[in-house]
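J.: Show me how the following folds:
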Amino acid sequence: MRRAVTIKHVAAEAGVSLQTVSRVINNEPNVRPVVQERVRAAVAKLGYVPSLAARRMGGSRSYLLMALNDRDRTIEGWKSGEGTDWVDQMLMGGMLKCEAHGYRMIFELVDTHSDHVDAAVRGAIAALHPDGVILTPPHSENPAITGLLSRLGLPFARIASIAEGDGFAVSMDDAKASAFAVDHLLGLGHVRVGFITGSEEYAVSGARLDGYRQAMGASAHGLDETLIARGDFSYESGVAAMEALLALPSRPTAVLASNDRMAHAALRTAKRHGLSAPADLSVISFDNTPLARFADMTAVIQPIAEMSAVAAELLIRSTAGEAELPRQSMVDFGFAPRGSTAAPKA
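T.: Numbers count the residues shown, from 1 in each chain. Prediction:
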C-alpha cells in the first residue's frame, strides 16, 4: 500500500524546513529561487498534494472564506421546495472563484434576528479562522454583524448590498434594473403598471421601488401611487398585494414584482380571478430562479453567482495584501423575456 505523502516528506526530500515548503506552496516571497526549484522538484517527484494545514504553516492565512446566510430564510426556502436557487448560485460563484485561487469556501447559517447573533458569528470565526467573510442579505446590512467584523479587523464583502458602510459592497444596479423592466412594459403598450415591493429589511427593495417610480414618473402616463402594493418577498404577501391591485377601480394590466415568489403568487391570484397571462395581465419578476424559468415568467436576472465570485476575489486579493481595491462593485443585471408578458388587449 502506497504511503500518504506529507509536507514532512517534501521537506526532507528538499532539505528545507516545513515553513519553507509552505511558503513555496503559497507563492510567498523571501525564498531564494534555487530553494524554490528544489521544493517544487520534490513536490513533483513525490506527487504531493498540499493540505490546508500545510499551507497555513507559511503564514497567518487560513485559505478559507466563510459565507454567512440567514438561517431562518434559508431553511424555509429549502423546506418549501419552491424552486429558489439563490444559495446554489451564491455557492457556485464563490466556490469556483476560491478553487481557482487555491482557497476553500465554508457555508454557515446564522439567525440575523437572534439576540445572540454576535456570539454565533464569533463562534463560527473562532472555529474556522476564515481569511474573510461573505455576507448575504439581510446579514450584509445588519450593523451588529458588519460592526463586529469591522472591530475584529476581518475583511468582509456584502453581496446585494447598496448601503453605505465598511467592507466590499457588491451588487447590481437594482434601480436601473427595475426601470428597465418598467420601460419594457411601457414599450409593449401598457399604461397602468403595478408594482409589488419587497421587504423593507432589504435596501434593494427601496432601490427597486425607486426605479419603478422613476420610470413611471418619466412616462407620458405619470406615476400613480395607488398602483404600488406592499410585499415582503413571501408568496403569501404576493397574494395579498395582487388582491389589493385587482380590487382597484381600474386594475393594472401589467405588474412588476420584486421577486419570483411574489410574481408567481400574482399570476396564480390573477388566474383565480379569471385572468390569464399574458392575455389579460403581464407579469415580470426579479431574480430569475428556477421558479421563474419553469413558470415561463419574464424576469430580471440577478447575477448572484457573479456577485459571489467578485466578492470572493476581492477578499482573496485583500488578504494577499492588495490595497487599491474597489470598495463598491457593480455587476450587470440581465433580462429574460418569456411568455408572461405581451401587449395589452386593445
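J.: got a list of contacts for stretch 71-78?
T.: 84, 86, 87, 109, 110, 111, 112, 113 (C-beta atoms under 8 Å, 6 or more residues apart in numbering). (Each C-beta comes from the backbone N, C-alpha and C, glycine too.)
J.: For it, buried residues please.
T.: 71, 73, 74, 77 (16 or more other C-beta atoms under 10 Å).
J.: can you tell me how far the third one sits from residue 258?
T.: Distance of residue 74 to residue 258, given as C-beta to C-beta, to the nearest Å: 19 Å.
J.: and what of the first one?
T.: From residue 71 over to residue 258 the distance is 22 Å, taken as C-beta to C-beta.
J.: likewise residue 4?
T.: On the measure of C-beta to C-beta, residue 4 and residue 258 end up 52 Å apart.
J.: looking at this, residue 256 is in a strand?
T.: Yes: residue state for residue 256 (DSSP: H, G, I helix; E, B strand; the rest coil) corresponds to a strand.
J.: Can you name the residues that contact it?
T.: So residue 256 contacts 178, 181, 182, 185, 193, 194, 195, 196, 212, 283, 284, 286 (C-beta under 8 Å, 6+ apart).
J.: which among those gets closest to residue 252?
T.: residue 194 (3.5 Å; C-beta to C-beta).
J.: Following element in sequence after the helix or strand harbouring that closest one, please.
T.: Using DSSP states H and E, residue 194 sits within strand 193-196. Moving toward the C-terminus from strand 193-196, the next helix or strand (DSSP H and E) is helix 203-218.
J.: Show me what that next one is packed up against.
T.: The contact analysis (3 or more C-beta pairs under 8 Å, 6 or more residues apart in numbering; DSSP states H and E) places helix 203-218 against helix 174-188, strand 193-196.
J.: how about it: buried residues?
T.: 203-209, 211-216.
J.: Of those residues, which pair is most distant in space?
T.: 203 and 216 (20.8 Å).
J.: Now find how far off-centre stretch 258-276 is within its chain.
T.: From the chain centre to the centre of stretch 258-276 is a distance of 25 Å (C-alpha atoms, centre = their mean, to the nearest Å).
J.: ok, residue 170 touching residue 312?
T.: No: applying C-beta atoms under 8 Å, one finds residue 170 not in contact with residue 312, separated by 9.6 Å.
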